[in-house]
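>>> got a sequence here, can you build the structure:
(5 chains, ligands or ions: 4)
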Amino acid sequence: MMTATVQSRGQALAIQNLSLEFPTFSGAIKALDNVSINVAKAEIVGIVGESGCGKSVTTMAATGLLPKGRYRITGGSVRLFGHSTLTMDESQLQDVRGKMVSTIFQEPMNALNPTIRIGKQLTDVIMRHEEASLSDARRIARDILADMLIGEPERVMKQYPFELSGGMRQRVLIAMAFSCNPGLIIADEPTTALDVTVQAVILRLIQNRARRTGTSVIFISHNVAVVSQLCDRLYVMYAGRIVEHGATRTVLDAPQHPYTQALLRCLPERVAPKQELEAITGAVPNLMQPPAGCYFQPRCKEAIDLCRSRSPQLAGAEGREVACWRRGVGLEIAEQGSRP
Amino acid sequence: MAITRIIIPRLVLLLFVVLGVAIITFTISHLIPGDPARMIAGDRASAETLENVRRNLGLDRPVVEQFTIYIGNLLQGDLGTSLRTNRPVAGDIRTFLPATLELGSVALFIAICLGVPLGVLSAVYKDGPIDQIARTVSVCGISMPVFWFGLILIYLFYAKFQILPGSGRLAMGIVAPERITGFLLIDSLLQGRFDAFRSAVYHIILPGFVLAFANMGVITRQIRASMLDVLQEDYIRTARASGLRKRMIIFNYALRNALIPSITLLGLALGDLLYGAVLTETIFAWPGMGTYVVTSIQTLDFPAIMGFTIVASIGYVLINLLVDLAYMLADPQIREV
Amino acid sequence: AIAAQDVLVLARAEDPPTADPGVEISNSGYTLIYAAYERLVAYKGGSTEVGPELAESWTADDAGLVWTFKLASGHKFDDGAPVDAAAVKFSFDRLMKLKAGPSDAFPVLKEVEVVDPQTVKFHLTAPFAPFISTLAVSGAAIVNPKVMEHEKDGDMAKAWLAEHSAGSGPYRIASWERNQSIVLDRNEHYAGTKPALKQVVIRIVGDVSARRLQLTSGDADIIEQIPLDQAEALQKDASVVVESNPSMYVNYIYMNNRQPPLDDAKVRQAISYAVDYQGIIDGIMLGQAKQMRGAVPSGMWGHDPQGFQYTYDVEKAKALLAESGKSDIRLTYTFSQADPAWEPVGLALQASLAEIGVKLDLQAVADTTKRELVANGKFDMAPGAWTPDFADPYMFMNYWFDAGKMGGPGNRSFYDNAKVTELVQEAAAIVDEGKRKELYVEAQTLSTQDAPYLYIMEKNDIFARRAVVKGYVYNPMLIQVYNFGTMSKTE
Amino acid sequence: MRRAKSISERLLYLWYLSRRSPLTLVGAAIILLVLFMIIAAPMIAPYNPDKVSLTARLLPPSAVHWFGTDEVGRDLFSRVIYGARASCGAAFMIVLISMLVGVLIGCFSGVVGGRVDTAIMRLMDVVLALPALVLAMALAAALGPSLFNSMLAVAIVRIPAYVRLARGQTLSLREQVFVKASRTFGASPFYILRWHILPNAMSPIIVQATLDLGGVVLIAAALSFIGLGAQPPTAEWGALVSSGRSYMLDQWWYATFPGLAILITAMGCNLVGDGIRDMLDPRLRGR
Amino acid sequence: MIARPVLEVSDLNVRFPASRDWLGRPNSHVHAVNGVSLQVRRGGSLGIVGESGCGKSTLAQAIIGLAPYEKGRVAIAGQDLQAAQGKQKRELRQKMQIVFQDPQSSLDRRLPVWRLISEPLHIRGGHSSAELHAKAEQLAAAVGLRPEHLDRLPHEFSGGQRQRIAIARAMSTDPDLMVLDEPTSALDVSVQAQIVNLLLKLQRERGLTYLLISHDVALVRHFCDDVAVMYLGQIVESGPADAVLGNPRHPYTQTLLASAPSFETPLPTLAEVRIGELPNNRKLPTGCFYRERCSKAAGGCEAPQGLRRLDDGARQARCHLAQG
Ligand SMILES: Nc1ncnc2c1ncn2[C@@H]1O[C@H](COP(=O)(O)OP(=O)(O)OP(=O)(O)O)[C@@H](O)[C@H]1O
Ligand SMILES: Nc1ncnc2c1ncn2[C@@H]1O[C@H](COP(=O)(O)OP(=O)(O)OP(=O)(O)O)[C@@H](O)[C@H]1O
Ligand SMILES: [Mg+2]
Ligand SMILES: [Mg+2]
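Ligands and ions are numbered 1, 2, ... in the order given. This is a model prediction of the structure:
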């Protein structure tokens, strides 16, 4: 259905086999290992995974927002609307950010500058990317705030962030992200800190605006339910690797990877009250010394010897891949010995 | 509302401080082994003369009575009479204060102009060579014994190379301009006395720099620390993610917020400035409060010491009041609540 | 920038406290007071003898209780008003009413009486031999009675006179920027020859090196308070003259005669023999001093050139100490930084006394504290410096040895020898100078044997001037006081 | 066993951190050097620092007298080395006294709260408003100039800084969840102070103290310079600079070397203080 | 006969000073809890749900004795906590234990695990170090920690393990009631499941009584027998969990449930969720607190609403429109 038409229109973001590490005192944290993510134009893609699995790092690496000198890219490429962002210098990135790709972060409380009025923060961004006079910029800002269902945009623009509630601030941030009509919006857990009622509003606003303007969205969350309501396609990450991806409904209805399955089974809403939940035993691996083979194998109930020695590769049909030996899809590749 | 909430407690504090300081210095002055009367009359003075001098100073009265009289006079702005110069202390302070203020303002100005950019650069290029240099300079400043630094500079620039004067506020032959503000730099300009202005500028360079250097170190360190704090705030990430230019982010978004905690520091720095000024003035024979109070202490001129201490503490409290107000202006959160 | 020919610039370390003759007791202030005021009598040239100034002539009655002065005519205050007997009376009344330090030079003054505008009578309560000398001191300056216009809260114009002048001297204080500079202008009504210097500027330059540089660069014509080492260095400069003159500024050490073991004359004598006087003079003073001989310095009449002088004789010192039977002596030397020589002298003393087995601890205190401790007799040994206020051995003998002046006033070693006290009191009460000298010499002989003080040295007065400054006359009574009125600057 | 491992790990970690900031290492080296000077002064110093030799006055630096000699012929190198004892000893005592007293008052004030707290803080405001140097000078003048008296004075004026710091720590720790938890278990204020507040408040206080040490070295020297601190013939850096001052023109070395010693020592303290602060900074920790 | 409830809260009001005049006297207040009454049966569990800032934590803190209250009463096993003094007070306090949301900050990072777990006993006094250590070991085993963990410091543990330490500590005094203030919201879902299982297991085994605070409706539905929905410091609806969450009667509960994300239902439309924020709790609204945001607001809502018993008698709702 929609997915097909969207894909034909080309790629917004193509991350190919991105590997990245943070060198530290006690060794390198291998934050990303061979991560590939594709986002088509006008598509809404979700990334789910536990805290620390590398969701934010992936997108921040793609937009060059990671702290300079603190990380090392060990492989892969990122193409944003055909431009390679990994090779850009800071000033080129500055032109790309906000214009081609915008990011909405997790904590609305601190994501706005506390000493600058909302209006100025918005118009600064608009005037940076659009050839707009101050009055034009103000008009654009006002319109987009109104679009975010903010009651009195004029008044809000004169206010400081601390005078707004969390939900309002997050809407301002969304407005800011959309203000220069970027082709891609990265929403990094934009609702985690908010109430469910507010969350519903925010999700709706992002969805409506994206659909209307044909903007692609990467939606990062650890809440599978939220992602299921919003996204066309879904990537599941575990310990810096993509373990499974596919169309949202397919992945949720028929999860292939044991991790995805376990993740869905441990949610209380799927179990009768007071019943024991199917918890995943153990804890996420330490990325400085990851286990051999599949990173999930120490916690996996189905693990076999192969899982303990070799990392499975993503394999499967176009648009629906799983990285698990038990699903068999990757066996042939392993036998060819492409990767230990 | 918010303003009164800040001002009123400060003014109450001011009363406390003045009273406290008066009590402390008064107590000290009465613990002192030296006899002020002997100081005035000379140490060969006969007992009779001493007695007379004591009577004239009111030193023969009970301590509590002396204190009440002192406080009573204080409330009328009378700080007593200097034992050494026989002039009203308030008048002496009025004479010497502008010189100190002029030196202090120039030093503060230099310190801010050098310290803030250095701190910003240091934070932005953290751990790089610029940072190492800036940190070394700032630590040097903080660790510099002002009195020694002054001596070295005098030796180099005045004695060796003879390019800058080493003492006083004006060159020998130049008649001081009429006193309007007491700031030579301003008074000379107001009266079109460019010779005096030039000379005043020359004279303030060395002491101004010496005094500025230490404060520059403190400012650099503070700005660096708060810039580092601010630069890793979420809103900076937001600004970066929206593609704002680096310069804009640093100066319009980060520095502004980094300055807020630094304002408090500025208050402290002003306090330090006073301490530095005392030393700098002695080295450079700068005719200000520092020289005055050091001489007063050496001669145990207690009315002068008390007067100075009280004025300095009032100044300290007022500066802090200003700092709080500035803080309030800079931080909308405090301003509007 | 070299100052103009008719302007003399004097650079010194500190601002004079005040310029009020009725209050000021430091030489630093005398510089101004002597320049701005005249007294009834004045020292004659470089000598310690006094001659006429405002007074043309004077007579005393036989008992020495009434002195009559005839004023010279033509002397005018700087506002043009004549100096008359009323002004003299006013000045002394004011001095005695203020009763601050300077009044102590007139312990017996009962009353000043105006006979007619040109004649004034002084009534004394008791004969006082040095009376005429005392009239040459700073406190005896004649002040224009008009200053009372500036009186505030009954202060006898003290606040105003603190930084203004109202006298008939060659100069008047034109302006005073505290801690910066004082400008003295010529007094147009001055009765004497018109001074060559139009203006005298006293600049306050705290740092020695700065003063020195200003002198060599010609910014200053005279600089004061130069350490001996710098004086040596300056001497090499041909355009500079280092004035080094024997003065009556003596450095001596009080030994507390009341406190064991210093109450034993033997111990004091032993200490007196243990000191390396010449070592101190050469090593610390670079030869710019000489060892004292008795209490009265060599420039003052009453000095006894044959008087006894302790020598550096360790053996004798040890023997005396053994005689005294005291051992394990531990003393404290309480000093301040008021005189730069006190600390090194203390160090030298420490080393010397160690040789005879006396341990000396150095205790540095604030100068005011030191004075207080000395005045109250709470010390073992303490250095002192003494200059005479007026030119009379009275300044030494009566102050140092009179048992009635113990503590602050002068007898700071708490020396109590009835015979000596009697001698010096008698010498103060008679007028005959020959007789007085005899009495003082006898008193010196007696007291030197008791060694109440350690007689260290008479220091030279040192300052430096540019060679172009001419006409300076040194007077040992007028340290830091210059005859600006008769000085000039010529190439 | 495990402890030992974690200690060596920690040392390794410290080494790693300081390698990242070479300035801290420089600071540490300076402090070690000064400590060495203090401990081993009699061994390093070539001469008795108080030995007067009137024949060897004001000699320039040479192989015999590395830093030259002073106006009574004492060896300046030896005096500078011995000076470390007076200067740094004084600074250390000042910081120690003001820290102990300040922390005590501050924690007490923070825990007790209410009127007592207000009264204490107002008093501290008064002390803080006193110009530090002047109070020091006044006290020194009152009690007589001596290193001890001016130390006392400086210590007094430094107390409020620690009171504020300790109180601030106490107040913020009091709001920490683990302290609240302790309260729900019925812990007394004393228990909380002993087990939770003091141990957790100590690190910032120690950082402050290290930084303060640098400042206090300067103040102690300044007081001696004005003549209110250490008294001659004690070899103390500030006093040495002060006596060297009048010889600046012809004998530059006299004031220069002791001044350098002050500068370098203060730098050492500040660098190490900065370094420790960075190490304890949780934000920098993980990276 | 019905056993006496472990916890009885009646008409509890908590307010905090919001601003002060220059003398330091409060001149306005935040009304965090406004007349809450509730009861928890022994061995039962009560869940409290509500938006952020509605006063859930404040309620918990008031119950546990961390937030002072002026009006109302909290009784644990029939004894009034605030009226108690000294030793008795401490013992009463130890009958209730709380587990906080953030396991990181609720543990002193300088104390080893065994000390942390046994802290309540240490405070109670009378135990030697060895006894405390032994006791800690038992408790640790009960929450699934191994003995070798006991000497480590908290930063060496993962979030889930830290929460286990906190739970072990809470159990150390055999409390009658455990207050759980969002015990899993700082944890990942996979770890959340472990903790939920642990808590349920402990309840089954030891008959613990829970007061669970959460904004996760699914969790409360799973975990609790009863539920109370809070809005602006008031309970707006309460009753058995399945009934209240399965068939909400109060409009607020309805909105809350509709907004909760789920796999089955699509995103609600903007009209359904209604944009609105929690009203200011400095100045409480008059009438029904929810009136401003309520889509069903009608005449009668201006009057203050009381809790009214619904149909079966087990449920209550604070809305005059809720069908009885
Ligand atoms: N600047 C950094 N230095 C070192 N390690 C880092 C840095 N930033 C992230 N990491 C590590 O990279 C890994 C992935 O982090 P990331 O922030 O992408 O997680 P996440 O999936 O976004 O988690 P969350 O849901 O908590 O936001 C983590 O293990 C983290 O510790
Ligand atoms: N110590 C306090 N001082 C002042 N106001 C407070 C204090 N604690 C809580 N409040 C206020 O009381 C109200 C209720 O807060 P509370 O923490 O109980 O909410 P909550 O329901 O637990 O929210 P959340 O889900 O975010 O934890 C809020 O408006 C809060 O700002
Ligand atoms: Mg993230
Ligand atoms: Mg809460």
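
>>> give the residue spans of chain E that score low on pLDDT.
E:1-3, E:22-24, E:271-276, E:323-324 (pLDDT under 70).

>>> make it 80
Residues of chain E meeting the criterion pLDDT under 80: E:1-4, E:19-25, E:264, E:268-280, E:311-313, E:322-324.

>>> and for the residue of the stretch 51-200 of chain E found nearest chain B, the neighbour number?
Chain B sits closest to residue E:53 of the stretch 51-200 of chain E, with a gap of 17.6 Å, by C-beta to the nearest C-beta. Quick note: C-beta positions are derived from backbone N, CA and C, even for glycine. Close neighbours of residue E:53, defined as other C-beta atoms under 10 Å in any protein chain shown, add up to 18.

>>> what segments of chain D are strands?
For chain D, no strands turn up when DSSP state E is the criterion.

>>> what's the answer for the stretch 201-350 of chain C, then?
C:222-223, C:240-255, C:289-291, C:330-335 (DSSP state E, counting those that start in this stretch).

>>> and the residue nearest the centre of chain D?
residue D:213 (1.8 Å; C-alpha atoms, centre = their mean).

>>> not counting sequence-adjacent ones, nearest residue to it?
residue D:269 (4.2 Å; C-beta to C-beta, 6 or more residues apart in numbering or on different chains).

>>> where does the stretch 51-200 of chain D get nearest to chain E, which residue?
residue D:186 (3.2 Å).

>>> what about the strands in the stretch 201-340 of chain A?
Ranges of strands in the stretch 201-340 of chain A, per DSSP E, counting those that start in this stretch, are A:216-221, A:233-238, A:241-247, A:315-317, A:320-322.

>>> does the longest one reach chain E?
If I follow you right, that is strand A:241-247. No - using C-beta under 8 Å from any C-beta of the partner chain, strand A:241-247 never reaches chain E; the gap is at least 13.5 Å.

>>> angle of that strand against strand A:233-238?
160 degrees (axes from the mean of the first three to the mean of the last three C-alpha atoms, to 10 degrees).

>>> by contact count, what packs against strand A:241-247?
Other elements packing on strand A:241-247 under the criterion 3 or more C-beta pairs under 8 Å, 6 or more residues apart in numbering or on different chains; DSSP states H and E are strand A:27-40, strand A:233-238, helix A:258-265, strand A:320-322.

>>> where does pLDDT dip in chain C?
C:1-4, C:206-207, C:337, C:364-369, C:431-433, C:491.

>>> center of it - which residue?
residue C:387 (3.4 Å).

>>> can you tell me how far that one is from residue C:480?
Here the criterion is C-beta to C-beta, to the nearest Å. By it, residue C:387 lies 10 Å from residue C:480.

>>> can I get the strands of the stretch 201-340 of chain A in CSV including mean neighbour count and mean pLDDT?
Output for the strands of the stretch 201-340 of chain A, formatted as CSV (neighbours: other C-beta atoms under 10 Å in any protein chain shown; pLDDT from 0 to 100):
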stretch, mean neighbour count, mean pLDDT
strand A:216-221, 26, 94
strand A:233-238, 25, 94
strand A:241-247, 24, 94
strand A:315-317, 15, 84
strand A:320-322, 22, 90
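
>>> residue of chain C with the smallest distance to chain E?
residue C:153 (40.5 Å).

>>> can you map out the helices along the stretch 51-200 of chain C?
C:85-98, C:131-134, C:158-161 (DSSP state H, counting those that start in this stretch).

>>> for the first one, packing partners?
When contacts are defined as 3+ C-beta pairs under 8 Å, 6+ apart, helix C:85-98 sits against strand C:66-71, strand C:109-116, strand C:119-124.

>>> now residue 51. Nearest residue, chain neighbours left out?
Using chain A here. residue E:188 (5.3 Å).

>>> not quite, go with chain E.
Using C-beta to C-beta, 6+ apart and skipping the chain neighbours, the partner closest in space to residue E:51 is residue A:195 (4.5 Å).

>>> follow-up on the earlier one: around the closest residue to the residue nearest to the centre of chain C other than its chain neighbours, how many other residues sit close by?
Using C-beta to C-beta, 6+ apart and skipping residues adjacent in sequence, the residue nearest residue C:387 is residue C:249, 4.9 Å away. By other C-beta under 10 Å, 20 other residues sit near residue C:249.

>>> residue C:249 reaches residue C:386, doesn't it?
Yes - with contact defined as C-beta atoms under 8 Å, residue C:249 reaches residue C:386; the gap is 7.5 Å.

>>> mean neighbour count and distance to ligand 1 for the helices of the stretch 51-200 of chain C - can I get that in a markdown table?
Converted to a markdown table, the helices of the stretch 51-200 of chain C look like this (neighbours: other C-beta atoms under 10 Å in any protein chain shown; distance: least, C-beta to the nearest ligand atom, whole Å):
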| stretch | mean neighbour count | distance to ligand 1 |
| --- | --- | --- |
| helix C:85-98 | 21 | 79 |
| helix C:131-134 | 22 | 88 |
| helix C:158-161 | 23 | 71 |
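
>>> how about CSV for those, with distance to residue A:153 added?
What follows is those, written out as CSV (distance: least, C-beta to C-beta, whole Å):
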stretch, distance to residue A:153
helix C:85-98, 81
helix C:131-134, 94
helix C:158-161, 69
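
>>> any idea how far the residue of chain C closest to chain E lies from residue B:73?
12 Å.

>>> so which of the two has more stuff around it?
residue B:73 (13 against 7).

>>> which helix or which strand is home to that one?
helix B:63-75 (DSSP states H and E).

>>> packing partners of the helix or strand following that helix?
Sequence order places helix B:89-124 as the next helix or strand after helix B:63-75, per DSSP H and E. Packing contacts for helix B:89-124, counted by 3+ C-beta pairs under 8 Å, 6+ apart, involve helix B:129-143, helix B:184-190, helix B:194-231, helix B:255-284, helix B:289-298, helix B:302-330.

>>> now render these as CSV, adding distance to chain E, mean pLDDT and mean neighbour count.
Output for those, formatted as CSV (distance: least, C-beta to the nearest C-beta, whole Å; pLDDT from 0 to 100; neighbours: other C-beta atoms under 10 Å in any protein chain shown):
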stretch, distance to chain E, mean pLDDT, mean neighbour count
helix B:129-143, 29, 91, 20
helix B:184-190, 37, 88, 19
helix B:194-231, 20, 90, 23
helix B:255-284, 20, 81, 22
helix B:289-298, 32, 82, 26
helix B:302-330, 13, 83, 21
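
>>> could you pull out the helices for the stretch 1-150 of chain D?
D:2-20, D:22-44, D:76-112, D:114-129, D:132-143, D:147-174.

>>> hey, which of these is tucked in deepest?
Among those, the stretch with the highest mean neighbour count (mean count of other C-beta atoms under 10 Å in any protein chain shown) is helix D:132-143, at a mean of 25.

>>> pull the CA atoms of stretch C:31-45 into PDB?
The C-alpha coordinates for stretch C:31-45 follow below in PDB (Å, rounded to 0.1, in the frame of the first residue of the first chain):
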ATOM      1  CA  THR C  31      59.800  70.000  56.200                       C
ATOM      2  CA  LEU C  32      56.600  71.900  55.700                       C
ATOM      3  CA  ILE C  33      56.400  73.700  58.900                       C
ATOM      4  CA  TYR C  34      59.900  75.100  58.800                       C
ATOM      5  CA  ALA C  35      59.300  76.200  55.200                       C
ATOM      6  CA  ALA C  36      56.000  77.900  56.000                       C
ATOM      7  CA  TYR C  37      56.500  79.400  59.400                       C
ATOM      8  CA  GLU C  38      59.000  81.400  61.300                       C
ATOM      9  CA  ARG C  39      59.800  81.100  65.000                       C
ATOM     10  CA  LEU C  40      61.100  83.700  67.400                       C
ATOM     11  CA  VAL C  41      64.600  82.300  67.100                       C
ATOM     12  CA  ALA C  42      66.300  80.000  64.600                       C
ATOM     13  CA  TYR C  43      69.400  77.800  64.400                       C
ATOM     14  CA  LYS C  44      72.300  79.700  63.000                       C
ATOM     15  CA  GLY C  45      73.300  78.100  59.700                       C
END
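
>>> perfect, I'm done here.
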